[in-house]
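A.B. asks: Sequence below, structure please.
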Amino acid sequence: MQSANFTAPAHFFRPSRSHAIVVGGGTMGADVAVVLCRAGCHTTLVETNTERRDQLPQQVGNGLNQLQVGDRIQNLHTAASLEDVDWQKVDVVIECIPERLDIKRALFAQLETLARPDTLLASNSSSFPISAIAEGLSSAGRMVGLHFFMPAHLTPLVEVVCGKQTQEESAQNLHSFMRQCGMVPVLVKRDLPGFLANRLQHALAREAFYLIDEGVASPEDVDAAVRFGFGFRFLAAGPVLQRDHAGLEVHCAAGATMYPSLAANTEPARCLSERVAQGKFGMKSGEGFFKWTPETIAQERERYQKLLLSGLSLLADELPPVRDADVEQQ
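C.D. replies: Here you go, the predicted structure:
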């Protein structure tokens, strides 16, 4: 499952022999810590908010319990600030702070002065290219985008995104590191807006919401068409491999018929923009396309995560093994 045309690095960090810092103890930061702790990586979560920091061991522990490795919580430590970290022992830093370019740039400027020259510096930003975050920094060569998907510990994919100045060795090292954490890393050679997976996802979403706007199908039927139709098959094969199964000539002929009528709007669909204007953001506001209560939110999240865990079980033979301390001792 290596990325095509990707050369393994001559040397790389091993999770069970490394110290990783996750900056930001929100939902994403906690889930990334689960990924690292599962692989036996000595992990420090830096969170300045005292109340949130105190909740992190339980939050990370819950994630590890979901993966049936609850004892790996021993790999987690927390810190109140960057100054509380022994930077000479840090091999990898993963930034998971709020999506504001100014504070991300300020953080990496600080990391440049704190971390060892060979420490990998990664950003989980989904909005900003790593080139923009690294602009003007002498550490740009070892800065890499590392984009996880929520929930990070239950979604195997992670994007390793190269900026304009990212050194190939840095990307290779981070790619190998994440594979040893049991993730499925894909190499994104150019940091376009949306990188790889979100570009594909938004292409689908544009057509989905266009069909809702046009009254072709309801939101429920759009979801059903994806989940129980072609999306169901995506668990077994992606769109490229699926076309080899079906026949390229069949896809090519269908594309010639459909492409001229596909949505090509350059702004979000009306059914989206109107809801946003009305403050209907989804679960966080109690209503989006559907209405939500605390009870139905809890039920939906339980259902959602249960299915993700089942999917992990189905794909177990195709996922990279976790290279943790126990494995290395065998």
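
A.B. asks: contacts and neighbour counts: CA atoms only from here.
C.D. replies: Noted.

A.B. asks: Now do the strands in the stretch 151-300 of the chain.
C.D. replies: In the stretch 151-300 of the chain, the strands defined using DSSP state E, counting those that start in this stretch lie at 157-161, 184-188.

A.B. asks: strand partners of the last one, parallel vs antiparallel please.
C.D. replies: Each strand that pairs with strand 184-188, with its direction, by DSSP bridges: strand 157-161 (parallel).

A.B. asks: Could I get the CA-only coordinates of the partner strand as PDB?
C.D. replies: Extracted as PDB, the C-alpha positions of strand 157-161 are listed here (Å, rounded to 0.1, in the frame of the first residue of the first chain):
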ATOM      1  CA  LEU A 157      -5.800   7.700   6.000                       C
ATOM      2  CA  VAL A 158      -3.400  10.500   6.700                       C
ATOM      3  CA  GLU A 159      -2.000  12.900   4.000                       C
ATOM      4  CA  VAL A 160       1.700  13.700   4.000                       C
ATOM      5  CA  VAL A 161       1.800  17.000   2.100                       C
END
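
A.B. asks: mind checking how far it is from the chain centre?
C.D. replies: The chain centre lies 7 Å from the centre of strand 157-161; the measure is CA atoms, centre = their mean, to the nearest Å.

A.B. asks: Mind checking the pLDDT average for it?
C.D. replies: The predicted model assigns strand 157-161 a mean pLDDT of 97.

A.B. asks: Can you give the contact residues for that strand?
C.D. replies: Identification of contacts with strand 157-161 by CA atoms under 8 Å, 6 or more residues apart in numbering yields 130, 144-149, 171, 174-175, 178, 183-191, 195-196.

A.B. asks: Just the buried residues of those residues.
C.D. replies: By neighbour count, with 16 or more other CA atoms under 10 Å, these hold 130, 144-149, 171, 174-175, 178, 183-189, 191, 195-196 as buried.

A.B. asks: Does Ile94 lie in a helix or a strand, and which?
C.D. replies: strand 92-95 (DSSP states H and E).

A.B. asks: now what about that strand, what contacts it?
C.D. replies: With CA under 8 Å, 6+ apart as the test, strand 92-95 has contacts from 18-24, 29, 119-125, 146.

A.B. asks: cool, and stretch 190-198?
C.D. replies: Stretch 190-198 is contacted from outside by 126-131, 159, 161-164, 188, 199, using CA under 8 Å, 6+ apart.

A.B. asks: how about 6 Å then?
C.D. replies: Applying CA atoms under 6 Å, 6 or more residues apart in numbering, the contact partners of stretch 190-198 are 129, 161-163.

A.B. asks: Closest to Ser273 out of the contacts of strand 92-95?
C.D. replies: The closest of these to Ser273 turns out to be Ser125 (CA to CA; 23.5 Å).

A.B. asks: pLDDT at the closest one, what is it?
C.D. replies: Ser125 is given a pLDDT of 94.

A.B. asks: Provide the count of other residues in contact range of it.
C.D. replies: 22 (other CA atoms under 10 Å).

A.B. asks: go on, the one 3 residues further on?
C.D. replies: The number of residues packed near Phe128 is 20, by other CA under 10 Å.

A.B. asks: ok, and the closest non-adjacent residue to it?
C.D. replies: Nearest residue to Phe128, sequence neighbours excluded (CA to CA, 6 or more residues apart in numbering): Leu101, at 7.0 Å.

A.B. asks: measure the one you found to Asn49 for me?
C.D. replies: Look at Leu101 and Asn49: by CA to CA, to the nearest Å, they are 20 Å apart.

A.B. asks: Give me the domain ranges for this structure.
C.D. replies: For the chain, automatic domain parsing gives the domain ranges 15-196, 198-317.

A.B. asks: wait, which of those is closest to Arg323?
C.D. replies: The closest of the domains of the chain to Arg323 is domain 15-196. By CA to CA, the value is 4.7 Å.

A.B. asks: chain center to that closest one: distance?
C.D. replies: Using CA atoms, centre = their mean, the offset of domain 15-196 from its chain centre is 10 Å.

A.B. asks: Can you get me the start-to-end distance on it?
C.D. replies: Domain 15-196: ends 25 Å apart by CA to CA.

A.B. asks: next one: stretch 71-82
C.D. replies: 26 Å.

A.B. asks: Give the rounded mean pLDDT of it.
C.D. replies: 97.

A.B. asks: what comes up buried for it?
C.D. replies: Quick answer for stretch 71-82 (16+ other CA under 10 Å): 72-73, 75-79, 82.

A.B. asks: Quick check: which of the domains of the chain has the most neighbours on average?
C.D. replies: domain 15-196 (a mean of 20; mean count of other CA atoms under 10 Å).

A.B. asks: what ranges do the helices span in the stretch 101-250 of the chain?
C.D. replies: 101-114, 130-134, 168-180, 197-213, 219-225, 231-234, 239-246, 248-258 (DSSP state H, counting those that start in this stretch).

A.B. asks: Which of those helices sits closest to Ser285?
C.D. replies: Closest to Ser285 of the helices of the stretch 101-250 of the chain is helix 219-225 (CA to CA; 18.5 Å).
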